[in-house]
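Novice: Need coordinates for the below:
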Amino acid sequence: MGKKLYIETQGCQMNAYDSARLADLLQEREHLEYTDDPQEADILLLNTCSIREKAQEKVFSELGRWRRLKEQKPDLIIGVGGCVASQEGEALLRRAPYVDLIFGPQTLHRVPELMQQRHRSRLPVVDISFPTIEKFDHLPEPRVDGGKAFVSIMEGCSKYCSFCVVPYTRGEEVSRPFDDVIAEVAHLLRQGVVEITLLGQNVNAYRGPEHDGGTASFATLLDHLSTLPGLQRLRYTTSHPLEFNEDLIDCYRRIPQLVSHVHLPVQSGSDRILAAMKRNHDRQDYLRRIRLLRAARPDLHLSSDFIVGFPGETEEDFQATLDLIREADMDHSYSFVYSARPGTPAADLIDETPLAVKKERLQRLKDMISASTLEKTRAMVGTRQRLLVESASTRYPGHWVGSTFNNRIVHFAAAQDDLAGQLVDVDISAALTVNALRGERVQS
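Specialist: This is a model prediction of the structure:
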């Protein structure tokens, strides 16, 4: 009987993408069978995230559970990858000496070789180097599951915001070659995918080398992807205001496949805090880009990221954030209380704001966003929406779940056995929650 692989993923969509590609690689190269049960696995891999507070403790808590499995099965291989692995390196072994493999986001393609090295030496193996974009040349073609697929187009970030650990764990910005991205998307579309999400820590900073020696911008990439047969929807995450230039904004006039939803992190509405964060833009820069975007795509829905309680944030600073949310007409947010990340410049700043105050501010921000989201969701009642069907509904028997162009979830009744991956038209009849709707399928 073949050996079994289990991968647990923490954190962002980039990590989810990396885990899926790593599973493909190990199934192809090592003939491993994937399992959803860590207790029956022969190889346990933990793909970690260090973006939030207590990330390391979350990792060691899971490794503690896996240690008990290894005591029962001494030949069990335990590997730790991702950003915590990159940040901790060999230091991770001091707390968890039973770990066999430590690899970074840029060296996951070397896991088969690291496993062989571990087998030969019987000693832990560590590789957290930054071999630019090499990993994509060694990964198999992605597998298709449904109508959606993710494609990583670049790695790392060169912005060095004072609060962020990503440049230190994933390295500087490096873009995949333009032709490679086009070829991967075309491959996915030929397999029946209709929606592509482009991934990168700073995706709109993409500068892809071309075969003729030129460099393709992110806007150029979007233009070329939009010509590929079968592409119905095009998304991307995560973008940065500095690279949200007019060429990219103009794509929203010209490319119908670009969805009417943009996630553009701003982090704060206070110029003083933005400067302390080293974001290198101010609130007016951000709002100007939003105005241009809405002029290009009037039905645009906007989401953002916010850090509440950054060191030195006053009530006045926080009010500036609430004012920006109102002015930008935000639709959704990923918002968190600030947590110091070891090794970042902001970790050395004096932070005198009580945690209770930070949590109260965060709740006010979430309440404001939720009210706006619910208003926009309810405004969709009575409209006709084209959905990409994702799966059968677990909440409503006999229903399916699909996503709209502007990123809402819709439940609708249908008798067909399998609609997953198909595009269907639905008349919206009711708002169920802040982000979810009910509808009736339009019969053609």
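
Novice: Now do the same contact list for Thr321.
Specialist: Ser268, Gly269, Ser270, Phe306, Val308, Leu365 (CB atoms under 8 Å, 6 or more residues apart in numbering). Any C-beta I mention is one placed from the backbone N, CA and C, and that applies to glycine too.

Novice: now those as JSON lines including neighbour count?
Specialist: JSON lines is the format used below for these (neighbours: other CB atoms under 10 Å):
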{"residue": "Ser268", "neighbour count": "26"}
{"residue": "Gly269", "neighbour count": "25"}
{"residue": "Ser270", "neighbour count": "24"}
{"residue": "Phe306", "neighbour count": "25"}
{"residue": "Val308", "neighbour count": "24"}
{"residue": "Leu365", "neighbour count": "19"}
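
Novice: which two of those lie the greatest distance from each other?
Specialist: In the contacts of Thr321, two members sit farther apart than any others by CB to CB. They are Ser270 and Leu365, at 12.9 Å.

Novice: Read off the pLDDT value for Thr227.
Specialist: In the predicted model, Thr227 carries a pLDDT score of 97.

Novice: Pull the number of nearby residues for it.
Specialist: By the criterion of other CB atoms under 10 Å, Thr227 has 10 neighbours.

Novice: same check, this time on Asn202
Specialist: By other CB under 10 Å, the residues close to Asn202 number 22.

Novice: which residues touch Leu32?
Specialist: Going by CB under 8 Å, 6+ apart, Leu32 touches Gly2, Lys3, Lys4, Leu5, Leu26, Asp42, Ile43.

Novice: How about Ser370?
Specialist: Listed by CB under 8 Å, 6+ apart, the contact set of Ser370 reads Val434.

Novice: Mind telling me what element it is part of?
Specialist: Taking DSSP states H and E as the definition, one finds Ser370 inside helix 355-379.

Novice: Run the chain-centre distance for that helix.
Specialist: 22 Å (CA atoms, centre = their mean, to the nearest Å).

Novice: Does anything pack onto the very next helix or strand once past it? Which helices or strands?
Specialist: Beyond helix 355-379 on the C-terminal side, the first helix or strand identified by DSSP H and E is strand 384-392. Judged by 3 or more CB pairs under 8 Å, 6 or more residues apart in numbering; DSSP states H and E, strand 384-392 is in contact with strand 399-403, strand 409-413, strand 423-431.

Novice: Centre of the chain to strand 384-392, how far?
Specialist: Relative to the centre of its chain, strand 384-392 is centred 21 Å away, using CA atoms, centre = their mean.

Novice: That strand: partners in the sheet, and parallel or antiparallel?
Specialist: Sheet neighbours of strand 384-392, with direction, are listed as strand 399-403 (antiparallel), strand 423-431 (antiparallel) (DSSP bridges).

Novice: Same list (these) but as a markdown table, adding distance to Pro105.
Specialist: Compiled in a markdown table, these are given as follows (distance: least, CB to CB, whole Å):
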| stretch | distance to Pro105 |
| --- | --- |
| strand 399-403 | 27 |
| strand 423-431 | 33 |
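
Novice: Go ahead and name everything in contact with stretch 353-362.
Specialist: Val308, Gly309, Pro311, Glu313, Phe318, Ser335, Phe336, Val337, Tyr338.

Novice: Of those, which is the nearest to Arg378?
Specialist: Distance to Arg378, by CB to CB, is smallest for Ser335 among the contacts of stretch 353-362, at 22.0 Å.

Novice: what's the pLDDT at that closest one?
Specialist: The per-residue pLDDT reported for Ser335 equals 94.

Novice: Please, which helix or strand holds the residue nearest to it when sequence neighbours are not counted?
Specialist: Residue nearest to Ser335 in three dimensions, not counting chain neighbours: Phe306, with 4.1 Å by CB to CB, 6 or more residues apart in numbering. Under the criterion DSSP H and E, the helix or strand holding Phe306 is strand 301-308.

Novice: With just CA atoms, put that strand into PDB.
Specialist: C-alpha atoms of strand 301-308 as PDB (Å, rounded to 0.1, in the frame of the first residue of the first chain):
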ATOM      1  CA  HIS A 301     -17.500  47.100  -5.100                       C
ATOM      2  CA  LEU A 302     -14.500  47.900  -3.000                       C
ATOM      3  CA  SER A 303     -12.900  46.000  -0.100                       C
ATOM      4  CA  SER A 304      -9.800  46.800   2.000                       C
ATOM      5  CA  ASP A 305      -7.600  45.800   4.900                       C
ATOM      6  CA  PHE A 306      -7.300  47.800   8.100                       C
ATOM      7  CA  ILE A 307      -5.000  47.700  11.100                       C
ATOM      8  CA  VAL A 308      -6.600  49.200  14.100                       C
END
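
Novice: now it: mean pLDDT?
Specialist: In this model, strand 301-308 has a mean pLDDT of 96.

Novice: picking that back up, what is the nearest of the contacts of Leu32 to Thr237?
Specialist: The shortest approach to Thr237 among the contacts of Leu32 belongs to Leu26, at 26.2 Å (CB to CB).

Novice: returning to that earlier point: Asp75 is nearest to which of the helices and strands packed on strand 384-392?
Specialist: Taking CB to CB as the criterion, Asp75 comes closest to strand 399-403 out of the helices and strands packed on strand 384-392, the separation being 41.3 Å.

Novice: and the angle for the closest one with strand 409-413?
Specialist: Calculated by axes from the mean of the first three to the mean of the last three CA atoms, to 10 degrees, strand 399-403 forms an angle of 150 degrees with strand 409-413.

Novice: Need the strands paired with strand 384-392 in TSV (columns: distance to Gln106 and mean pLDDT).
Specialist: Compiled in TSV, the strands paired with strand 384-392 are given as follows (distance: least, CB to CB, whole Å; pLDDT from 0 to 100):
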stretch	distance to Gln106	mean pLDDT
strand 399-403	31	94
strand 423-431	36	95
